[in-house]
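Quick one: sequence and predicted model below, then my questions.
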Amino acid sequence: MTGLIEQSSMADGPRHICGISGGKDSSALAVYMHDKVPDMEYFFCDTGAELPETYEYLTRLEVILGKPILRLNAQRGFDHWFEVFRGALPSPQMRWCTKIMKIKPIEEWIGEDPAISYVGIRADESNRKGYISTKPNIQTRFPFIEDNVDYRHVIRILDDAGIGLPSYYEWRTRSGCYFCFYQRKAEWIGLSERHPELFERAVAIEQKVLTDAGVDGDADFGDQAMRGRQYTWSGGETLVELRTRRDQIIDDHQRSLTRSAAARTDLPLVEALANVLDDDSEADPCTVCHL
C-alpha cells in the first residue's frame, strides 16, 4: 500500500473528518489515516440504540487513536421520530432513521465549514455507495479505493493495530442499531440469544406497529401483503414467528456455512459468514451505518 493520501499540514484549510460506524472498514480507515492526517476529526453518529459491543469497540479504538471519537446525536431519539413517522418502521424503502439520525446530525455538525469527508469503502467494493453529502462545502474522499486497500488489507490494519474485529462479528456482520432492519434471519436469532433484552425491545416496537395497524401480532398473518416491512422488522414474518423457527434458521445457516467453506477453503470466517447471511438479503445496506 503506497498511500496516495499525503500528510495534511493545512492549518487554515478545510476540516478533515472521518465517520466511524463501529464496523471494520471505517475503523480500519480511522487507523489508516491517523498518521496521514493528524488533525482528523473522528465522529460516531450515536442513535442510542447501538449494540453494547459497538460502544465497547469505540472505547478501544479511542485508545488506539489517542484522541476522542465525537458522539453525534440527533435532536430527538428513535421513539420521537417513530411517532413523527406515524409508527412506520424504517425499511430499505423508507430509511428515515438514516436521514434523521445519521445524516442530519453530521451536516449540522459540519455546518458551512469547508470539509473533506473520508469514507471507508474498499477497493474491492468500489461499486458501493457511502455517505456523499450534496452540500457544496463537503468534499468526499475514498482513501482505500485510491490506495487499492482491499478486505485482507483492512483485516491486517486492524490486527497490526492490536484491536482486531468487533466482537459482534461472531454472530453479526454489520454494525448498526440492535433493531436494524438489514439484519438477516440468523442475525435476529443471534440478537435474541446474545442480547435477549434488546430483542424483546424490538419485539415490543413491532407489536405496537401491528396493534396500531389492527393486525394480530401473535397469529399467522395469512395475508402475504401484511408480511411486508411496513409492519415487521424482518420481511415475511414477525419476530415472534421468527423466534419459533430458531432451530430451522440455525440449521439452514450452518448448511450454508458448510457449503461456503467447501467452495472457498481460503475464505476467512467473517467473510464466509457475510456471504452466507447475504443469501437472504433484500437490498444493499446503508453504508452510513454499516461500513
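Structure's in. What do you need? Just so you know, these numbers come straight off a predicted model, no measurement behind them.

List the contacts of the closest residue to His195 other than its chain neighbours.
Excluding the flanking residues, the one nearest His195 by CB to CB, 6 or more residues apart in numbering is Tyr178, at 6.5 Å. For the C-beta atoms, the positions are set from N, CA and C on the backbone; glycine is no exception. Applying CB atoms under 8 Å, 6 or more residues apart in numbering to Tyr178 gives the contacts 49-51, 191, 195, 198-199, 201-202.

Could you measure from Tyr178 over to Tyr32?
28 Å (CB to CB, to the nearest Å).

same question, Glu62
Look at Glu62 and Tyr32: by CB to CB, they are 16 Å apart.

what residue ranges in this protein score low on pLDDT?
By pLDDT under 70, the low-scoring segments of the chain are 1-11, 126, 128-133, 215-230, 260-291.

could you pull out the strands for it?
Listed in chain order, the strands found in the chain under DSSP state E are 15-19, 41-45, 70-72, 115-118, 138-141.

Might you calculate how far the shortest one sits from the centre of the chain?
Here strand 70-72 shows a centroid-to-chain-centroid distance of 16 Å under the convention CA atoms, centre = their mean, to the nearest Å.

so who does the residue nearest to Gly13 when sequence neighbours are not counted touch?
What sits nearest to Gly13 in space, not counting adjacent residues and going by CB to CB, 6+ apart, is Pro114, at 7.6 Å. Pro114 sits next to 13-15, 137, 139 when contact means CB under 8 Å, 6+ apart.

hmm, back to that, what about burial for the contacts of Tyr178, which qualify?
49-51, 191, 195, 198-199, 202 (16 or more other CB atoms under 10 Å).

Of those residues, just say which sits nearest to Arg184.
Leu191 (10.7 Å; CB to CB).

was I right about the closest one contacting Gln183?
Yes. If you go by CB atoms under 8 Å, Leu191 and Gln183 touch, sitting 7.0 Å apart.

Now do the contacts for Cys177.
Per CB under 8 Å, 6+ apart, neighbours of Cys177: 47, 49-50, 78, 97, 289.

go with 10 Å
47-51, 54, 78, 90, 97, 101, 183, 198, 202, 289 (CB atoms under 10 Å, 6 or more residues apart in numbering).

these two touch, right, Asn246 and Glu193?
Quick fix: residue 246 reads Arg, not Asn. Yes. If you go by CB atoms under 10 Å, Arg246 and Glu193 touch, sitting 8.5 Å apart.

Many thanks, I have nothing further to ask.
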